[in-house]
Every structure is written in structure tokens, then in C-alpha cells.
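Trainee: Structure of the sequence below:
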Amino acid sequence: MKQNIRMLSFLEGARAATGAAVVIDVFRAFSLVPWAMMSGVATIVPVRTAAEALAWRERNPEVLLAGERDGKPLPGFDYGNSPSAIRDANLEGRILIHRTSAGTQGLLAALEAGASPVIAGSFLNASATVRYLRASGADSISLVAMGWNGEEAALEDTLCADYLRALLRGEAADFQAMRRQIREDATGRRFFDPALPWFPEADFDACIAVDRFDSAITAVWDDAWGVRLQRVS
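Mentor: This next block holds a predicted model:
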């Protein structure tokens, strides 16, 4: 099947997404999500604001909160947006409320725009995402590179979109070359800067771990949670 693939960017791109939408946030929202699922989390609920996340805790003190603003952990949250911290946690059976400046914003915007399915994309589940898209029969796909804060280009998201497009088209994609480019880019260098401890070095490898997770991750409407993320094979 010939697929129409649209390359979109930022929050405005998520709002314009049609057909199947892959919302890409490599550093770090949609790298954290697969690790959370591998750590045993029962449900992940993406929200737009810190206030929404804190309101969930008021209603249910057992939920965990993860998120950031400008890359920094949010006050009152259990975790920042660090995939390596989530990877090393025991989240078996827990509910995770997740707020970020780019990924969760784009995911919710694409859902509200009517895109379907809406997929949380990163390098960690790139091949699984492509398999799911092929099996879905989608003939129109929007690849949305969210970038920094949903408004500035970020090389890792742009290259991940390029990587997914190549896989969808059956073309060769040099992941190792992409990894080197990302490591040398300003966004990659953040993780190796001791002046930025909220970007731990371990997060770089946790985010640039291609095909570490074997399922696609979709966002779905839910009566109890509003929107939740689920893994699909």
C-alpha cells in the first residue's frame, strides 16, 4: 500500500495531524514512557499542566507524578522527565501521571485534532511503531517532530522522524550516523554537561536505544482517566 507521509513539526504540527499520527519526543517524554512500561507501570496518563497532575494526586494519593518544565523536574513531583530514573524504579502496578513541555502537549493536541491512531514515538520502539502502522492499514501518516518545548527544532526528533519515514518506505536508514549527529548536537551535549544535572548522562543512552521496546504505544480516550497510554503489538 502506498502511504502518504506528512512531515510536521511542533505543537502546531500536532494540531494539524491527520490520519495516523506519530508524535515524536526523543528527549525525553516518549523515551520515558517505554521504560515506565518495562518497569511495570499499570497506566500512564498524559496531562497538559502541573496543576492537572497535582489534582490527580489530591484525588488519589497513590498515583506517581513525573514531568518537567524547561527540562527541570517539577516541584512536588516524584520524578522529573528522566528515562534512566524511571528505568531503575519499581513501578509494578502503579499509575503514572505524566506532564511534559512537548510530548504530552502534542499527543493530546493530535488526539483532539481527530488523528487516529495517535502514537507516542521515539527510537526505543521505532520498528514496532512501523509494524503497527503497516498492520493498521493507514494510508495517511503524520510524523510530528515535537522539538524543544513544542516550538523549536530539535535534531533528535527530526532525525527520528526521518528514520521512521525511511523504515515505512523500506529504505535504508543509518541509525549509528544519526546517533553520532545527535551526540554532537547541542541537545545531545546537554546530557554531558555537569552544570545541567537535570539532564543526567545516563538519559542519553536510555533515549538513544533503538528498538529496545517491542510494542507501539497509542493514546486512547478513557472514561476513568480522560486519556491514557497503552502498548499494542
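
Trainee: From now on I want contacts and neighbour counts done on CA atoms only, so please keep to that.
Mentor: Will do.

Trainee: mind checking how far Pro46 is from Leu167?
Mentor: Distance of Pro46 to Leu167, given as CA to CA, to the nearest Å: 27 Å.

Trainee: For the two, indicate the residue with more neighbours.
Mentor: Pro46 (27 against 17; other CA atoms under 10 Å).

Trainee: So what's the residue count around the spatially closest residue to that one that is not a sequence neighbour?
Mentor: Excluding the flanking residues, the one nearest Pro46 by CA to CA, 6 or more residues apart in numbering is His98, at 4.8 Å. For His98, the neighbour count with other CA under 10 Å is 28.

Trainee: So His98 belongs to a strand, correct?
Mentor: Yes: counting by DSSP: H, G, I helix; E, B strand; the rest coil, His98 is part of a strand.

Trainee: how many other residues sit next to Leu65?
Mentor: Around Leu65 there are 24 residues (other CA under 10 Å).

Trainee: Who does it form a beta bridge with?
Mentor: Taking DSSP bridges as the rule, Leu65 bridges to Ile97.

Trainee: Wait, the residue nearest to Pro46 touches Ala51, no?
Mentor: No: applying CA atoms under 8 Å, one finds His98 not in contact with Ala51, separated by 11.5 Å.

Trainee: Which stretches in this protein count as helices?
Mentor: 10-15, 29-38, 50-59, 83-87, 103-113, 126-136, 155-169, 175-184, 186-189, 201-207 (DSSP state H).

Trainee: can you put those helices in a markdown table and add mean pLDDT and distance to Arg69?
Mentor: Converted to a markdown table, these look like this (pLDDT from 0 to 100; distance: least, CA to CA, whole Å):
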| stretch | mean pLDDT | distance to Arg69 |
| --- | --- | --- |
| helix 10-15 | 98 | 16 |
| helix 29-38 | 98 | 12 |
| helix 50-59 | 98 | 9 |
| helix 83-87 | 97 | 15 |
| helix 103-113 | 98 | 12 |
| helix 126-136 | 97 | 26 |
| helix 155-169 | 98 | 18 |
| helix 175-184 | 98 | 22 |
| helix 186-189 | 98 | 16 |
| helix 201-207 | 98 | 17 |
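
Trainee: quick one: which of the ones you listed is nearest Leu65?
Mentor: helix 50-59 (6.6 Å; CA to CA).

Trainee: Now do the closest one: which elements does it pack against?
Mentor: Taking 3 or more CA pairs under 8 Å, 6 or more residues apart in numbering; DSSP states H and E as contact, the helices and strands that helix 50-59 lies on are strand 64-69, strand 95-99.

Trainee: Now do the same contact list for Thr100.
Mentor: Residues near Thr100 by CA atoms under 8 Å, 6 or more residues apart in numbering: 29, 47-49, 67-69, 81.

Trainee: That one and Ser140, how far apart?
Mentor: Using CA to CA, one gets 27 Å for the distance from Thr100 to Ser140.

Trainee: before we move on, what about Ser127?
Mentor: In terms of CA to CA, Ser127 sits 18 Å off from Ser140.

Trainee: So for the two, which residue has more residues nearby?
Mentor: Under the criterion of other CA under 10 Å, the comparison of Ser127 against Ser140 puts Ser127 first, with 22 against 16.

Trainee: about what we covered before: indicate which one of the helices and strands packed on helix 50-59 is closest to Val41.
Mentor: strand 95-99 (6.3 Å).
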